[in-house]
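Asks: got a predicted structure plus its sequence, pasted below:
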Amino acid sequence: MSLSHDADRSPAQGADLAGKIALVTGASRGIGRAIARQLAARGAILAVHYNQAQADADRLVDEIAGSGGDAFALAADLSQAAGAEQLASALGNTLQTRYGSDAFDILVNNAGVGLRARIGDVKVADFDRVFQVNFKTPFFLIQHLLPRLRDGGRIINVSSIGTRSAYPEMSVYAPSKAALESLTLLLAAELGARGITVNAVLPGATATDLNARARDPEMAHAIAATVALGRVGQPDDIAGIVAFLAGDGGRWVTGQRIDASGGQRL
């Protein structure tokens, strides 16, 4: 089969999320933005969450609308204890107003914060902030939203290969993501009866504005030497995997930790 023939098939495949409603946290930039764009390209209605980057979120909403899609932006500070409830409430109210129902189909817990520090250098406030954003908020966001998530829905948690490889400077970040992966597994078992799949995607080094190392040409070259496919990742590499899991093709995949690193540090 030729490459051109495969390319010709992609638009038809991209209609499998038509009419589905998806919430992507941290969607104003980086991997979250790429995920939102790919889900929208496959027909999903996008709730674009942001914290401070309102202009970026609004541009993404306009871009999706300009391509014939449907999207809206929601603000919430997920580093605060009330952030999960605030976002869940904003989503429900907006969906009810726009579509007459607060039900939705896809939750992508992408928002996260990093911290490069060895255990001896970690402050209590830093520990609490990382666990709040990377684990506690997704936990309670899922709790608030489960009654509104339609049967047959999707929960996709963005984790990190830091949970499978030893990076001493990720002494807080990696455990926070490991907790999210543990939640992924037990929720997959709990929600299977409703046809809801729950999976975790584990990016490796990915060139985003939050990962200066992967964007720096010299450092990216050094990192690429540790990657089987010979380069650092791009946001669309991760987004494609998330879009697969969100779509009909991912209907028989649940409780999985899916490496999205190009084979980094195998």
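Replies: Ah, there it is. Numbers count the residues shown, from 1 in each chain.
Asks: switch to C-alpha atoms for all contacts and neighbour counts from now on
Replies: Fine.
Asks: chain center to stretch 161-173, what's the gap?
Replies: Offset of stretch 161-173 from its chain centre (CA atoms, centre = their mean, to the nearest Å): 19 Å.
Asks: pLDDT below threshold where in the chain?
Replies: Where the chain drops to pLDDT under 70, the residues are 1-14.
Asks: now do the helices in it.
Replies: 3-13, 30-41, 54-66, 83-99, 124-131, 137-145, 173-191, 212-215, 217-224, 235-246 (DSSP state H).
Asks: what's the closest of those to residue 160?
Replies: helix 173-191 (6.6 Å; CA to CA).
Asks: residue 90 - nearest residue in space that isn't next to it in sequence?
Replies: Closest residue to residue 90 in three dimensions, ignoring its sequence neighbours and counting by CA to CA, 6 or more residues apart in numbering: residue 74, at 6.8 Å.
Asks: can you give me the neighbour number for the closest residue to residue 235 other than its chain neighbours?
Replies: With CA to CA, 6+ apart as the criterion, residue 235 has its nearest non-adjacent residue at 4.6 Å, and that residue is residue 31. Applying other CA atoms under 10 Å, we find 26 residues neighbouring residue 31.
Asks: do you know how far residue 31 is from residue 17?
Replies: Distance from residue 31 to residue 17, counting by CA to CA, to the nearest Å: 19 Å.
Asks: ok, residue 244 next?
Replies: Relative to residue 17, residue 244 is positioned 10 Å away (CA to CA).
Asks: who has more neighbours out of the two?
Replies: Looking at residue 244 and residue 17 with other CA under 10 Å, you find the greater number of neighbours at residue 17, namely 22 against 16.
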